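Undergrad: Here's a sequence, model it:
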Amino acid sequence: MKALVTGGGGFLGGAIVRLLLERGVEVVSFSRRHYPELEQIGVKQTQGDLADQDAVASAVEGCDTVFHVAGKPGIWGPYEEYYRTNVEGTENVISACQRHGVRRLIYTSSPSVIFDGKDMEGVDESVPYPDHYETHYPKTKAIAERMVLKANAPELATVVLRPHLIWGPGDNHLVPRIIDRGKRGRLCQIGHRANLIDSVYVDNAAEAHLLAAERLAPGSAVAGKVYFVSQGEPLPVWELINRILAAAGLPPVTRRVPSGAAYAAGWILESLYKGFKLKGEPPMTRFVARELSTAHWFNTDAARRDLGYTPQISIDEGMQRLARYLGLAQK
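TA: Numbers count the residues shown, from 1 in each chain. I've put the predicted structure just below:
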């Protein structure tokens, strides 16, 4: 097959690209900039903005499978920017797939689309979307996710994957944020609960995408479905964070603040940043306070049954790989 990977130069997108190449697939990457590392491994690249309908259509043309991985992540910023990339961009991808006869569309979503601020312990894909979101990322991803599911048809088979907290070597989002704040002493444990959370090593998340593509076809058991993807090894949130810090040679977080105080601080800081139009991101937000003080781990039985998904790399092995990578990066 010939596959397009939106965001092929990114963290998860790059891992998907490498797995596709290993299996002899011709790969095209669509990103906003050129990536020399992709050029070195023989990946054709096209540059453009997801909100540019013509650019997306041109990239999709000639492909039979599309992995729509690109999006605007984060917890802060104007709603219009999130909507433009995550909603309008996905709409353009769907339209291009329909126009050019693409048979398979695999969409990367997030479990945050169903997060309602409360504990989510072992929940499955039947959990509904909440009525309210405290940040723009999950809201716009939920809109896009529903668009992808609605687009499933005899001509175009679609499937949605929800990997949770992707980490590993080359991470440009979660791991660097934890390390940066750890170095600056700006991390505090929120609350006094050992709330469990799921995560997924990047290569496992990438493998799940290829498994979904292999099983996806119009009318197949996975078409029009949503799947949680994780390690299946939920850990206390601060154990996971401290293990990432340890991989970078940093001490664990031991200071604590009550969860209510963290939420209140998030509300105040958000108000200040909005009111005074301050640059950057508040050091605490309501969404982060909720995320760090609640449990969120998911039942992955559906992915195991329908996709044949089994994490090949354990958390222990993944942390060893991360430590080696960070050690080399620091030299």
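Undergrad: contacting residues around residue 135?
TA: 75-76, 285, 287 (CB atoms under 8 Å, 6 or more residues apart in numbering). Using the backbone N, CA and C atoms, a C-beta is placed for each residue, glycine as well.
Undergrad: how about 10 Å then?
TA: Residue 135 is in contact with 74-77, 79, 82, 112, 115, 270, 285-288, 290-291, counting by CB atoms under 10 Å, 6 or more residues apart in numbering.
Undergrad: cool, and residue 239?
TA: Contact partners of residue 239, counting by CB under 10 Å, 6+ apart, are 194, 196-197, 252, 315.
Undergrad: filter those to the buried ones?
TA: Neighbour counting by 16 or more other CB atoms under 10 Å classes 196-197, 315 among the contacts of residue 239 as buried.
Undergrad: Out of these, which comes closest to residue 40?
TA: Using CB to CB, residue 315 is the member of the buried ones among the contacts of residue 239 that sits closest to residue 40, with 30.2 Å.
Undergrad: Quick one: residues contacting residue 181.
TA: 187-188, 241, 245, 253, 283.
Undergrad: Wasn't it part of a helix?
TA: Yes - when DSSP: H, G, I helix; E, B strand; the rest coil is applied, residue 181 is found to be in a helix.
Undergrad: Distance-wise, check it relative to residue 90.
TA: Distance, residue 181 to residue 90, by CB to CB, to the nearest Å: 31 Å.
Undergrad: do residue 318 as well
TA: Taking CB to CB, one finds residue 318 at 29 Å from residue 90.
Undergrad: repeat for residue 15
TA: Residue 15 is 21 Å from residue 90, by CB to CB.
Undergrad: Of these two, which one has the most company?
TA: residue 90 (28 against 25; other CB atoms under 10 Å).
Undergrad: could you say which helix or strand contains the nearest residue to residue 23 once chain neighbours are set aside?
TA: Nearest residue to residue 23, sequence neighbours excluded (CB to CB, 6 or more residues apart in numbering): residue 210, at 7.4 Å. Using DSSP states H and E, residue 210 maps to helix 202-215.
Undergrad: List the buried residues in that helix.
TA: Neighbour counts over helix 202-215 (16+ other CB under 10 Å) mark 202-213, 215 as buried.
Undergrad: Could you check how far that helix is from the centre of its chain?
TA: Computed by CA atoms, centre = their mean, to the nearest Å, the chain-centroid distance of helix 202-215 equals 13 Å.
Undergrad: per-residue confidence averaged over that helix?
TA: On average, the pLDDT along helix 202-215 is 98.
Undergrad: One more: stretch 248-258?
TA: 95.
Undergrad: Which strands or helices does the helix or strand bottoming out on mean pLDDT in the chain pack on?
TA: In the chain, no helix or strand scores lower on mean pLDDT, DSSP states H and E than helix 286-293, which sits at a mean of 91. Under the contact definition 3 or more CB pairs under 10 Å, 6 or more residues apart in numbering; DSSP states H and E, helix 286-293 sits against helix 136-150, strand 189-190, helix 237-247, helix 259-275.
Undergrad: Let me know the secondary structure of residue 320.
TA: Put simply, residue 320 is helix when judged by three-state DSSP.
Undergrad: And residue 101, by the same measure?
TA: Using three-state DSSP, the secondary structure recorded for residue 101 is coil.
Undergrad: burial of it, as a residue count?
TA: Other residues near residue 101 come to 13 when the count uses other CB under 10 Å.
Undergrad: for residue 298, same thing?
TA: Neighbours of residue 298 under the rule other CB under 10 Å: 26.
Undergrad: Correct me if wrong: it contacts residue 126.
TA: No - taking contacts as CB atoms under 10 Å, residue 298 lies outside contact range of residue 126: 11.4 Å.
Undergrad: Check the contact lists of those two and give me the overlap.
TA: Residues touching both residue 298 and residue 126 (CB under 10 Å, 6+ apart): residue 114.
Undergrad: Spit out the contact partners of the residue lying closest to residue 245 once chain neighbours are set aside.
TA: Among residues not flanking residue 245 along the chain, residue 182 sits closest, at 4.8 Å (CB to CB, 6+ apart). Neighbour list for residue 182: 241-242, 244-246, 248, 250-253 [criterion: CB under 10 Å, 6+ apart].
Undergrad: Just the buried ones from those residues, in PyMOL syntax?
TA: Selection of the buried residues among the contacts of residue 182 in PyMOL, burial being defined by 16+ other CB under 10 Å:
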select buried, resi 241+242+244+245+248+250+253
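Undergrad: List just the nearest of the contacts of residue 182 to residue 168.
TA: Residue 168 lies nearest to residue 244 out of those, by CB to CB, at 10.2 Å.
Undergrad: Skip the chain neighbours and tell me the closest residue to that closest one.
TA: residue 178 (5.1 Å).
Undergrad: does that neighbour count as helix, strand or coil?
TA: Quick answer, by three-state DSSP: residue 178 is helix.
Undergrad: Can you give me every residue that contacts residue 170?
TA: Here residue 170 is in contact with 10-12, 14-15, 37, 202, 322, 325, 329 (criterion: CB under 10 Å, 6+ apart).
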